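**Student:** sequence first, predicted model second:
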Amino acid sequence: MTNYVALSIVVALVAVSLIVAIYSRRWSRTTTEFYVAGRKISWVQNSLALTGDYLSAASFLGVAGAIAVVGIDRAWDGIGYFGGYIVLLVLLAVPLRKIGKFTAPEALTTRFTGNRSIRFSAMFSVILISTFYIIPQFIGAGALLQLLLGWDYLFSVLVVGVIVISYVAIGGMRATTYNQIIQGVILWMAMALILILTVTQFYGGSFSAILENAELAVPPLLASAELPAGDVLPWSEVTAGYAVQHVSEKLTGSPTGLTPGVFATGWMNTMALAVGLVFGTAGLPHVLIRYFTVEKPKDARTSTLGVLFLVGTFYMMATFVGLAAMYLLYPDLMGHFLAGEASIAQNMAVPLLGQMVGGNIMLGVAIGGAFCAILSTVAGLLITIGTSVTHDFYKEVINPHADERRQVMVAKLSIVAAGVIAVVFAIGLADQNVSYLVTLAFGIAASVFFPVLFLSVWWARYTSQGALATILTGIFLSGIFVIARLYGMDDLMGIPVLVNPALYSLPAALIAGTVVSLFTEDVGDVENFMSLAHGPELEQ
Amino acid sequence: MTNEQDADNPLRERRILLASDGSMPAIAATKKAIDLAVLMDAVVYVTTVPERTPLTILEQMGEQVEDSRYTGQLADGPEVAREYGLLHDVEVRELPMGPGPIVGSILKAANDIQPDMIVLGNSGRGGWERLTLGSVAEGVMRHSPYPVTMTKGWDKDELGDLLAIAKGLIKPSMDFTREAKVSRIPVSELNLGRRLTVSFLALLTFLIPYFGLGILNTFYPETAMTIVFGGFTIAILWIMALFPLGILTGLGFHRIASAYD
């Protein structure tokens, strides 16, 4: 049944974000506030744009949702996403901005001048990572519409796909960044509102109480698998406290919501997850591209500090929201799990908690927040694909003298093509666990862009052959280990298959690049490149 | 002498502030400014305000393609004014402004030089474009304490020789060579090793506790589950401490790097 109140809130939130975004350029052109608007706001805008760009449905619904069904172990996700910005801050942010190019592949060929193998393989990685990242966004959006409106999944995905692709491509790419800025604000505030309402209404303002409750609950993921067959409650009719107590008594000694090691079992899985998330974030093309837009090199650092604050506080809030959801929604989550709807349980924890603490209005805010996350992230990813296809391929190879009108046209075509491919995959992969696509995106990002940019920016002896070896090793190893995991293999030629491939593929890419460089000579235009990346800037 | 006193001085040079981004409406305003300068025996101060936007390159191109319907190809506004001023024996001085809000920056420039007149062009945007982008010319008119002359649209025949000058000074369609100008410094003098050490130390400040949490959870789960106060276990406190630690690490690194800059 269509929930009109919630639907109205969702439409209102998305509309407000679009309208404010569209008016933002007018404001930035016509405001008379010279000092406030003109001098200091650049890095604030970029911080918010990065936050809106980066916080996807996986962050808004996924982190808290995963904590709600698995427990505190999944707080790793949030810390990893957050930690990636520290890697960016200390190793890449300022050098990337100072190199003064517009895409990560172009930054590489600023050093390895004119090396098309590097540029194209890097461009291929950009498209691969970004497309894999879009698909789960569309799947999430389709599921949300299905839930909110009772629409058919196929129809829901098509509607969302058409809206987002049209917005980015036909809308002339206007205001995408401004939209991300506004949606960054909405996302953060929606999470804060849900947490405040939850902790005041159900926990008397005490965060300790959230933890004390979570410690009583066996994570629904485990409980649903371990409860003896037939021992089920009428989940929709019992209270949370009763359901939690019933399950705990049946499964005495089982891990609770605060027990570590439930998701990533063993140290290798834990480390693989940690490496993949931290270095993957630092290598995501749609994150990197924002570092090319800041005005001054110093803004690259201050922007990242802003993101650390926004993203850090966001995940702290998400952790408590997730733990509160585990207890308060226990009967709902168990009901979904036992009905074989694990992904619904995980994705709907935040919206359902919203509904519990603020009725249909907060359900709308939660789903609206998720929509904003999806719109801004997909827009950022599509812009990244369009930029790379146009700038790294079309203008580089096909038509070096293309004017802007033609470049924009090619970008729009590539955006439509990538969007349509993602929609087709999203339809084909309905109801399947697609987290491996995100893992693959992070795995490739951690194993390709982080190592190749890191070595290019910091090692003078790095060669073009070494860079190519890094890229190819990263893609190959992360690819085969993700496929092995997809097929449920425990090991690959005796090597354990882990939750994220980066524990193998990142060091392997670094080693391959280093060894090949030591045996080859072409260090590229290293003096100019290093002077750009690390030297004092004389004139802008 | 303050600016206000300066403005009241009858012997002070007469000044016209011309805002020109090199678009066709601005070229029309340039003609008006130079014509007025001849009549008023004034010096023309010309300023261009780059729009400050955090847009990606593709968005910028998309915007520029849309804008070009109203602005034509962009010329080098100050240079066009200078050359046209030379033809009419009018002194033209450039007033450089950094990127910023356009109306605010023009008003700031006006406040700096206290002009007798501000001249600028109206692009003639209508409908959706006007709604979403607003009018810089009207914004300046509304808020300026100085007289403002606004030209509307442009007439190619009237612009005549000025148009020829502008066409010779068309800017490259998009400035893709954003590379900062640097002097080539030998790699050995860049202190890469020292910088990388500082970066790694900052990174380890976060990564050691981060991976340490993994070790604690994996090898010492009972310690991790020890309750310190309330429901806060060691693991939860560790997780909650990692976020502020990361932010503090970032701030510390920023201070050191800023000092190095």
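**Tutor:** Everything's here; your move. Numbering: from 1, shown residues only, chains lettered A, B, ... in the order given.
**Student:** got phi/psi on the residue nearest the centre of chain B?
**Tutor:** Centroid check for chain B by Cα atoms, centre = their mean gives residue B:99 as the closest residue, at 1.7 Å. Residue B:99 adopts backbone torsions of phi -60, psi 150, taken as degrees, to the nearest 10.
**Student:** do the same with residue B:17
**Tutor:** Per-residue torsions, residue B:17: phi -100, psi 120 (degrees, to the nearest 10).
**Student:** per-residue confidence averaged over the one helix or strand residue B:242 maps to?
**Tutor:** Residue B:242 belongs to helix B:234-260 when assigned by DSSP states H and E. For helix B:234-260, mean pLDDT rounds to 92.
**Student:** report all helices and strands that that helix contacts.
**Tutor:** Helix B:234-260 is packed against helix A:75-87, helix A:297-328, helix B:192-219, helix B:221-224, with contacts defined by 3 or more Cβ pairs under 8 Å, 6 or more residues apart in numbering or on different chains; DSSP states H and E. Using the backbone N, CA and C atoms, a C-beta is placed for each residue, glycine as well.
**Student:** and the gap between the residue of chain A positioned farthest from its centre and chain B?
**Tutor:** Centroid-distance maximum for chain A: residue A:230 at 38.8 Å, with Cα atoms, centre = their mean. Distance, residue A:230 to chain B, by Cβ to the nearest Cβ, to the nearest Å: 31 Å.
**Student:** again, but for residue A:519
**Tutor:** Counting by Cβ to the nearest Cβ, the gap from residue A:519 to chain B is 20 Å.
**Student:** name the helix or strand of the chain that has the lowest mean pLDDT.
**Tutor:** Assuming you mean chain A. helix A:34-39 (a mean of 47; mean pLDDT, DSSP states H and E).
**Student:** so where is chain B shaky, pLDDT-wise?
**Tutor:** Applying pLDDT under 70 to chain B flags residues B:1-11, B:52-54, B:126, B:129, B:172-182.
**Student:** near chain B at all, the biggest helix by length in chain A?
**Tutor:** Determined from DSSP state H, the single longest helix within chain A is helix A:342-388. Yes: interface with chain B: helix A:342-388 contributes A:383-384, A:386-387 (Cβ under 8 Å from any Cβ of the partner chain).
**Student:** now stretch A:72-86
**Tutor:** Yes: using Cβ under 8 Å from any Cβ, stretch A:72-86 reaches chain B at A:72-73, A:75-76, A:79, A:82-83, A:85-86.
**Student:** chain center to that stretch, what's the gap?
**Tutor:** Average the C-alpha atoms of stretch A:72-86, do the same for its chain, and the two points are 11 Å apart (Cα atoms, centre = their mean, to the nearest Å).
**Student:** now do that stretch, average pLDDT.
**Tutor:** 90.
**Student:** mind listing residues that contact the helix or strand harbouring residue A:533?
**Tutor:** Following DSSP H and E, the helix or strand that holds residue A:533 is helix A:526-534. Helix A:526-534 has contacts (Cβ atoms under 8 Å, 6 or more residues apart in numbering or on different chains) with A:95-96, A:98-100, A:110-111, A:456-457, A:460, B:179-180, B:182-187, B:190, B:192, B:195.
**Student:** using PDB, write out every CA atom in it.
**Tutor:** Only the C-alpha atoms of helix A:526-534 are listed here, as PDB (Å, rounded to 0.1, in the frame of the first residue of the first chain):
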ATOM      1  CA  VAL A 526      60.000  13.100 -13.300                       C
ATOM      2  CA  GLU A 527      61.700  16.400 -12.500                       C
ATOM      3  CA  ASN A 528      58.800  18.500 -13.800                       C
ATOM      4  CA  PHE A 529      56.200  16.200 -12.300                       C
ATOM      5  CA  MET A 530      57.800  16.200  -8.800                       C
ATOM      6  CA  SER A 531      58.300  19.900  -9.000                       C
ATOM      7  CA  LEU A 532      54.600  20.300  -9.700                       C
ATOM      8  CA  ALA A 533      53.500  17.900  -7.100                       C
ATOM      9  CA  HIS A 534      55.800  18.900  -4.300                       C
END
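**Student:** before we move on, the earlier item: so which of the contacts of helix A:526-534 belong to helices?
**Tutor:** A:95-96, A:98-99, A:110-111, A:456-457, B:192, B:195.
**Student:** by neighbour count, which of those residues wins?
**Tutor:** Using other Cβ atoms under 10 Å in any protein chain shown as the neighbour criterion, residue A:456 leads these with 30 neighbours.
**Student:** quick one: the strands in chain A, in order.
**Tutor:** Here chain A has its strands, by DSSP state E, at A:491-492, A:495-496.
**Student:** what about the last one, near chain B?
**Tutor:** By that I understand strand A:495-496. No: remark: strand A:495-496 sits outside contact range of chain B, by Cβ under 8 Å from any Cβ, the gap being at least 14.5 Å.
**Student:** so how far is that strand from its chain's centroid?
**Tutor:** Worked out by Cα atoms, centre = their mean, strand A:495-496 lies 27 Å from the chain centre.
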